[in-house]
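# any chance you can model this:
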Amino acid sequence: MTDERQADHIALREQVRSRYAKAALTVLFGPASSCCEPADADADRRFGAELYDPGVRAQVPPGAAAASLGCGNPIAVTDLRPGETVLDLGSGGGIDVLLSARRVGPTGKAYGLDMTDEMLQLAARNAAEAGVSNVEFVKGHIEDIPMPAGSVDVVISNCVVNLSVDKPAVFASVYRVLRPGGRLGVSDVVAEDHLSAADRARRGGWAGCVAGALSTGEYRAGLAAAGFADIEIEPTHQVADGMHAAIIRAVKPAL
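Now for the predicted structure:
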């Protein structure tokens with residue numbers, strides 16, 4: 001990687017970190033607002049806690065729901081089973097970690113990985129308020145997950161992979177930590193295949209979950225290159241012209 005490209009990657013990551021740190025501080029100390037896109041009349045229908053059923057939102061503290069800035073509900077993407085170990089990439093305020101912890105039960109474990117200190121602080125507060133003990137929040141980057149190989153049954157994420165500056169590293173890292181037969185189930189933004197990178201950038205910023213989104217074909221190819229099988233990509237709703245929130249599922253083949 002050239003020095004200029006590395007500098008660009010560092011700058012993009014800092015944009016993401018800064019924006020989500022601000023969102024966490026807003027929830028901790030003041031009114032919350034959606035982070036993925038500018039506040040407008042349609043924002044709450046494209047991103048955030050409104051994408052969860054009211055009954056689901058009621059299962060977590062208000063601060064966890066308020067900090068939900070994603071484009072879907074990854075808990076609805078994959079069937080979590082009692083006793084499983086679940087990892088949430090870019091766990092933010094912890095809504096999906098807390099919901100996962102309840103589904104895997106006391107014999108299971110839910111981990112949340114986030115690079116933002118402020119989000120980790122908020123998530124820890126929310127977990128304490130929820131009284132959930134089978135959770136752990138870890139600081140790190142999704143391109144280099146700080147967990148042992150083959151230690152996770154399910155990896156989930158809500159509108160975070162698009163924020164990464166190195167998607168192949170994300171897919172490889174997820175593949176490494178999954179056990180054979182493990183499952184990936186995420187909500188993310190994808191672009192229609194005819195849109196170029198420049199087209200995507202004209203529709204929204206990188207930290208706004210748009211410019212960095214892969215196309216459907218790129219997403220499928222990236223997962224396949226990492227070794228995943230049974231790849232499914234199902235659009236759910238439009239977030240910009242030619243850009244869609246989607247459910248992505250894949251499996252690490254069993255030995």
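# list the contacts for A124?
If you count contacts by Cβ atoms under 8 Å, 6 or more residues apart in numbering, A124 has them with 94, 137. C-beta: built from backbone N, CA, C; applies to glycine.
# quick one: it is in a strand?
No. Residue assignment for A124, taken from DSSP: H, G, I helix; E, B strand; the rest coil, gives helix, which places it outside any strand.
# per-residue pLDDT, it?
The predicted structure scores A124 at 89 on the pLDDT scale.
# now it: how far from L98?
With the distance defined as Cβ to Cβ, to the nearest Å, A124 ends up 11 Å from L98.
# outside of stretch 227-240, which residues touch it?
In this structure, residues lying in contact with stretch 227-240 by Cβ under 8 Å, 6+ apart are 37, 45-47, 71-72, 171, 175, 184, 187, 189-190, 203-204, 209-210, 216, 219-220, 223-224, 244-253.
# restricted to strands, list these.
Residues of the contacts of stretch 227-240 located in strands (DSSP state E): 184, 187, 189-190, 244-251.
# scan those residues and report the most crowded one.
Each of the ones in strands among the contacts of stretch 227-240 was scored by neighbours using other Cβ atoms under 10 Å; the highest score is V189's, at 31 neighbours.
# that residue contacts A213, correct?
Yes. At 4.3 Å, V189 and A213 qualify as touching, with contact defined as Cβ atoms under 8 Å.
# shared neighbours, the two?
Residues touching both V189 and A213 by Cβ under 8 Å, 6+ apart: 162, 243.
# one step back: nearest to G140 among the ones in strands among the contacts of stretch 227-240?
Taking Cβ to Cβ as the measure, L184 is the one of these closest to G140, at 17.8 Å.
# partner residues bridging the closest one?
V155, A250 (DSSP bridges).
# my guess is it meets V174, correct?
Yes. In terms of Cβ under 8 Å, L184 counts as a neighbour of V174; the distance is 6.0 Å.
# quickly list what's touching both of those two.
Between them, L184 and V174 have V155 as joint contacts when contacts are counted by Cβ under 8 Å, 6+ apart.
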